[in-house]
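Trainee: sequence first, then the predicted structure:
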Amino acid sequence: MKHCGTQRLETDRLILRRYITEDAAAMYKNWAADENVTRFLMWPPHTSLEVSQSVIDDWVKLYSDERFYHWAIVLKEKGNEPIGDIAVVDMNDHISKAHIGYCIGKEWWHRGITSEALKAVMDFLFDVVEVNRIEARHDTKNPNSGRVMKKCGMKYEGTLRSNDWNNQGICDSCYYGLLSSER
């Protein structure tokens with residue numbers, strides 16, 4: 001793989017960019033404090049703006065690592081304000097695999113924004129970083145996340161029973177993946 005760190009990506013409607021410290025208020029307001037958004041995630045809703053600020057400060061420091069891939073999702077029509085998050089949450093260089101996670105504020109659900117962001121990140125990882133495999137998973141009780149994966153060409157690979165956890169507790173998870181050769 002050819003690691004190059006988080007690069008600015010652009011689509012018709014979106015800018016995917018590195019977080020800056022000033023993004024904390026938007027993160028807190030738009031998704032991080034919302035129990036509806038964090039329901040199927042592995043981190044609890046943020047209880048204060050200070051929690052969001054601390055998380056972003058940690059991410060900003062990690063941008064010096066070329067193996068760190070983490071983007072703020074910005075809808076061009078909203079200026080520079082982040083409305084969601086997408087990142088490589090696990091990477092395995094030995095098998096050239098990236099596992100992606102994402103979330104977006106409830107106000108922007110069902111508008112194709114998450115799919116647009118995921119597709120841009122997948123293209124970047126395949127074309128620039130040269131990963132061989134991209135995968136993602138979702139709680140079986142959150143089928144909309146699976147629809148995002150399918151829309152981006154990922155193939156359903158199976159459901160693992162009681163193998164994961166999130167804010168709902170132990171859960172079953174559906175895995176999706178795509179190989180570079182399948183594009």
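Mentor: Looks like it came in fine. Residues are numbered from 1 along each chain as shown.
Trainee: any stretches of the protein with poor pLDDT?
Mentor: Counting by pLDDT under 70, the chain shows no low-confidence range.
Trainee: packing partners of the longest helix anywhere in the chain?
Mentor: Across the chain, the longest stretch assigned as helix under DSSP state H is helix 49-62. Contact here means 3 or more Cβ pairs under 8 Å, 6 or more residues apart in numbering; DSSP states H and E; on that basis helix 49-62 packs against helix 24-27. Backbone N, C-alpha and C define where each C-beta goes, glycine included.
Trainee: buried ones in the helix it packs on?
Mentor: Buried residues in helix 24-27, defined by neighbour count with 16 or more other Cβ atoms under 10 Å: 24, 26-27.
Trainee: can I get those in a markdown table including distance to I113?
Mentor: Formatted as a markdown table, the buried residues of helix 24-27 follow (distance: Cβ to Cβ, whole Å):
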| residue | distance to I113 |
| --- | --- |
| A24 | 21 |
| A26 | 15 |
| M27 | 16 |
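Trainee: just how off-centre is the longest helix of the chain within its chain?
Mentor: 16 Å (Cα atoms, centre = their mean, to the nearest Å).
Trainee: flag every buried residue along that helix.
Mentor: By neighbour count with 16+ other Cβ under 10 Å, helix 49-62 contains the buried residues 51-53, 55-56, 59.
Trainee: ok, those residues vs V89, which is closest?
Mentor: Checking the buried residues of helix 49-62 against V89 by Cβ to Cβ gives W59 as the nearest, at 12.3 Å.
Trainee: wait, that closest one sits on H70?
Mentor: Yes. Contact criterion Cβ atoms under 8 Å: W59 and H70 qualify, at 5.6 Å.
Trainee: what do those two both touch?
Mentor: Y19 (Cβ atoms under 8 Å, 6 or more residues apart in numbering).
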